[in-house]
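>>> Take this sequence and fold it.
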Amino acid sequence: MNSLFARLLRSYVVVILTAIMVTGAALSYLYSDREFERTERELVEKGEQIAFYFAISSSLQPTQVTANAIAATAQALGVGITIADRNGRPVMTTTNIPMQSLNLRAQDVERVLVHGEVVTRRGYEEALGEAAVTALIPIKRGGVVVGAMALHTPTRGVLDTLRNALNLLIWAALLAAFAAIAVSYVLSRRIAAPIRAVTEATKAVAEGNFDLRVHTHDPGELGALSAAFNELAARLGQTVGELSQEKQKTSSILESINEGVVAVDRRGNILLANPALRRLSPSNPVRGSLKEHPTLSVLWPSLEQSLLGEVGPHSELRIGESILSIHVTPLKDERDEVQGAVAILHDVTERHRLERMRRDFLANVSHELRTPLTSIRGFAQAILEGVVASEEQGRRYLRVIMDESMRLIRLVNTILDLSRIESSAITLNFEPLDIAEVIADAADSLEPLSRDRDIEILLDIGPSPIIHGDRDRVTQVVQNLLDNAVRHAPKGTRVFVRSGPADFDGEPGVRIDIQDQGEGIPEDDLPYIWERFYKVDKSRKYERGVGTGLGLVIVKEIVQMHGGRVRAANVPEGGARFTVELPVKRSADA
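So this is what the prediction gives:
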């Protein structure tokens with residue numbers, strides 16, 4: 001185990017055991033030394049008492065009574081006593097050792113018999129054949145050393161006493177060690193518990209749980225540590241929360257804007273891409289390296305230029321069917337070093353389309369105006385210059401001028417109507433409307449044109465619900481479609497007009513079908529017939545009476561203003577069919 005608790009406990013145990021061992025060794029040494037000193041003092045005291053007896057005696061040779069007393073004392077004390085003369089030769093001993101073996105050492109003779117010193121020593125005694133404590137006491141008579149007394153006791157007794165004391169000391173040390181270890185265990189847990197709680201709380205904070213707090217009653221450093229951690233967790237939670245909110249705001253902004261945004265690092269790896277950018281590459285995930293991306297790699301040159309510190313002009317590029325304007329900004333760190341780049345892509349496809357429509361509109365209007373004006377100018381000039389051969393020819397020229405003038409008026413009115421419709425400058429007057437009456441009125445208004453072109457208009461009007469609509473505008477829709485069918489149908493053919501109820505997205509409605517027997521509309525042109533000035537005849541060959549290419553645009557706008565829909569299709573038997581579907585109630589009333 002390498003936890004703080006284990007390390008603290010090990011440290012406490014090592015310190016305690018070391019202290020106990022050092023203390024035990026010191027006590028053992030002191031006790032044994034004091035025990036030997038006590039034995040030496042006891043031997044010296046008893047020796048001096050016996051030496052006093054010999055000091056008052058006339059001879060070192062004891063009487064039988066004295067010898068018995070000395071032997072009894074030696075037996076009682078458990079010591080051996082030897083009496084030696086001035087020359088160091090033993091004259092009496094209480095041991096079983098031959099006296100010739102008990103001669104005093106030369107150094108003992110010098111110190112005891114010559115100088116009269118009391119000598120004690122510990123160690124192995126060769127004469128005794130074992131370790132012993134020995135005391136040598138001079139015997140003085142009248143201040144003169146006349147002999148010496150040697151008292152010695154084996155160290156076995158002292159060692160037994162020391163061994164018993166050591167055993168007691170060991171048991172006491174073990175008990176103290178166990179008690180100290182128990183106390184150390186409790187203290188270690190008390191110290192480690194708050195730190196463990198802070199550690200667990202730190203892990204929880206690292207995992208995102210900023211609400212966890214550490215509670216401790218320690219008034220010292222651990223309490224301060226817990227309070228500091230709680231403050232840190234609270235501030236960190238607040239900071240992370242604010243950063244999360246800012247990130248969510250940024251993410252919401254990036255997801256909601258229509259412009260594509262992509263950020264890359266210095267190596268060209270994609271760091272960020274919003275949904276608008278991902279929609280540019282629906283079939284290829286937007287991740288990894290931008291310069292290797294199948295669709296978006298065209299962005300890399302502009303971004304690379306920014307990464308190199310070069311500020312290039314805004315450029316436009318094409319991705320699929322979209323035309324994009326790209327604006328690149330370098331991403332710099334606090335040292336103003338470029339670490340990446342971010343590109344904002346504006347979809348300018350619609351702007352280009354509108355610009356193209358504007359150019360086409362001007363070209364078409366110019367063409368539509370130039371042809372009749374040229375015709376009017378030519379015939380008027382012929383009349384003014386008098387080149388008219390007859391009155392009939394002059395009247396024919398004037399009829400052409402009138403027709404072309406009416407054509408110009410219709411063109412201008414049509415353009416004005418379309419402009420007003422698209423700018424919502426007109427107000428629809430909704431009223432209950434019988435679609436059968438509208439169709440009948442439109443057919444009547446086109447009767448001269450159909451008779452002139454030998455076209456028969458056949459009406460098949462079924463019972464239909466009353467709708468809410470602007471009578472004039474709905475009539476204009478039917479007239480434009482019927483006029484278009486009559487003008488494009490071959491002479492001697494028929495135009496069919498049918499109406500009846502219809503299911504309009506689950507709600508009641510009416511349906512109007514207008515079908516001719518002409519050549520139909522080329523399939524490639526069907527999606528574009530609702531565009532301004534679009535004509536199936538690409539040659540733009542001028543033919544008096546042919547439409548301007550704006551009628552179908554007006555039809556679509558009016559139908560959508562009524563909440564309906566219009567479509568065109570070719571029929572198998574030949575010809576084109578236009579279908580208008582209108583709801584009974586307009587969306588505002590539904």
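
>>> Which of the helices or strands spans residue 145?
strand 144-154 (DSSP states H and E).

>>> Who are the packing partners of the one helix or strand residue 156 maps to?
With secondary structure defined by DSSP H and E, residue 156 is part of helix 155-206. Here helix 155-206 touches helix 4-56, strand 130-141, helix 221-256, going by 3 or more CB pairs under 8 Å, 6 or more residues apart in numbering; DSSP states H and E. In short, each C-beta sits where N, CA and C put it, glycine included.

>>> Might you calculate how far the longest one sits from the centre of the chain?
On the basis of CA atoms, centre = their mean, to the nearest Å, the separation between the geometric centre of helix 4-56 and that of its chain is 70 Å.

>>> for the shortest one, same thing?
Here strand 130-141 is found 93 Å from its chain centre; the criterion is CA atoms, centre = their mean.

>>> That one versus helix 155-206: what angle between them?
If you take axes from the mean of the first three to the mean of the last three CA atoms, to 10 degrees, strand 130-141 sits at 130 degrees to helix 155-206.

>>> residue contacts, residue 289?
267-270 (CB atoms under 8 Å, 6 or more residues apart in numbering).

>>> cutoff 6 Å now
Counting by CB atoms under 6 Å, 6 or more residues apart in numbering, residue 289 touches 268-269.

>>> Please apply the same query to residue 449.
Here residue 449 is in contact with residue 486 (CB under 6 Å, 6+ apart).

>>> Mind checking what secondary structure it has?
Under DSSP: H, G, I helix; E, B strand; the rest coil, residue 449 falls in the helix class.

>>> Show the model's pLDDT score for it.
Predicted confidence (pLDDT) for residue 449: 85.

>>> got it, and the one 5 residues further on?
According to the model's per-residue confidence, residue 454 sits at a pLDDT of 90.

>>> Regarding it, what is its secondary structure?
Per three-state DSSP, residue 454 ends up coil.

>>> What's the local residue count around it?
If you count neighbours by other CB atoms under 10 Å, residue 454 ends up with 11.

>>> show me the contacts for it.
491-492.

>>> any idea how far it is from residue 447?
12 Å (CB to CB, to the nearest Å).

>>> next one: residue 288
As for residue 288, its distance to residue 447 is 69 Å (criterion: CB to CB).

>>> and the residue lying closest to residue 564 once chain neighbours are set aside, what element?
Counting by CB to CB, 6 or more residues apart in numbering, residue 582 is the residue found nearest to residue 564 once chain neighbours are left out, at 4.0 Å. Per DSSP H and E: residue 582 is located in strand 576-583.

>>> what do you get for residue 465?
Residue 465 belongs to no helix or strand, assigned by DSSP H and E.

>>> related to what we said a few turns ago, and the angle for the helix holding residue 156 with helix 221-256?
Interaxial angle, helix 155-206 versus helix 221-256 (the same axes, to 10 degrees): 20 degrees.

>>> Any idea how far helix 155-206 is from the middle of the chain?
48 Å.

>>> Just the angle for that helix relative to helix 4-56, thanks.
Computed by the same axes, to 10 degrees, the angle separating helix 155-206 from helix 4-56 equals 160 degrees.

>>> What count of nearby residues applies to the nearest residue to residue 471 once chain neighbours are set aside?
Nearest-residue entry for residue 471: residue 433, 5.8 Å, with adjacent residues in sequence omitted and distances by CB to CB, 6+ apart. Counted with other CB under 10 Å, the neighbours of residue 433 add up to 20.

>>> just residue 68 next, same as before
Residue neighbour count, defined by other CB under 10 Å, stands at 11 for residue 68.

>>> how much space between it and residue 579?
Separation of residue 68 from residue 579 (CB to CB) stands at 158 Å.

>>> How about residue 246?
The value you get for residue 246 to residue 579, if CB to CB is used, is 54 Å.

>>> which one of those two has more residues nearby?
residue 579 (17 against 10).

>>> Which residues are in contact with the more buried one?
Residues near residue 579 by CB under 6 Å, 6+ apart: 513, 567.

>>> In the stretch 1-150 of the chain, where is pLDDT below threshold?
Within the stretch 1-150 of the chain, the stretches with pLDDT under 70 are 1-9, 12, 56, 58-63, 65, 96-106, 124-130.

>>> what's the burial count for the residue lying closest to residue 131 once chain neighbours are set aside?
In space, residue 131 comes closest to residue 155 once its chain neighbours are excluded; the distance is 4.5 Å by CB to CB, 6+ apart. Residue 155 has 20 neighbouring residues, counting by other CB under 10 Å.
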